[in-house]
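Chemist: Just a sequence and a predicted model for now, questions to come.
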Amino acid sequence: MMSKEDLCYAVVHGLKLSYLSILDHKILPHDGVALTDFLHGVVEFSGEPSQERLIAVKTPCEDERPFIGHFPDDPVWPTWARFEMACLSGAMFFYCLYGKEAGLPIFGSDDRSKSPAVVRPGDLIYAEITKPRRKGRAFAFSARLYKEHCGDQTTVYQARRMMGFIVNKNAPSP
């Protein structure tokens, strides 16, 4: 579980973001654009049983790697970038629930994901991560990425079950 000492805040698009020190390597083992191309911060986390949930945010910018060469005349944030945002948000969720000492979560699959809407540069994307499940070294969660416009939410990526495993044979079971 994260402590208050691990929290630092920034304001993006009027939202107060808790970065949970992700950019200084205290949380995720990513560096620079490998992280910031896909995740800006966390706006909500609840570890309460049956209400576990994390909401992360990202505003894709046209000069970031996922956009380069991808429909240059009409830029679209590709599905693989949305999948990566879901994976990084899921890893943040795992660390917030279990702490870094539990091991390194690696995600590599989802079941029948959907990307029903277009994401353009400047869209504010939310990643809602819910339904954590853990058994030994296996970890799974649900992910939904959406954007809001005039109070309406539009889903831009959805996976009912993203699965991965914990890279640490000595990780304690919950």
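Modeler: Arrived safely. Everything quoted here is computed from the prediction, not taken from an experiment.

Chemist: And the residue lying farthest from the centre of the chain, its phi and psi?
Modeler: Going by Cα atoms, centre = their mean, the residue of the chain most distant from its centre is residue 73, 27.8 Å out. Dihedral angles of residue 73 (phi, psi; degrees, to the nearest 10) stand at phi -80, psi -20.

Chemist: pLDDT at it, what is it?
Modeler: For residue 73, the pLDDT comes out at 88.

Chemist: OK, contacts around it?
Modeler: With contact set as Cβ atoms under 8 Å, 6 or more residues apart in numbering, residue 73 has no partners. No exception for glycine: its C-beta is placed from N, CA and C like everyone else's.

Chemist: Kindly provide the distance from it to residue 82.
Modeler: Using Cβ to Cβ, to the nearest Å, residue 73 is found at 21 Å from residue 82.

Chemist: again, but for residue 145
Modeler: Plainly put, residue 145 is 5 Å away from residue 82 if you go by Cβ to Cβ.

Chemist: Between the two, which contacts overlap?
Modeler: Common contacts of residue 145 and residue 82 (Cβ under 8 Å, 6+ apart): 125, 156, 157.
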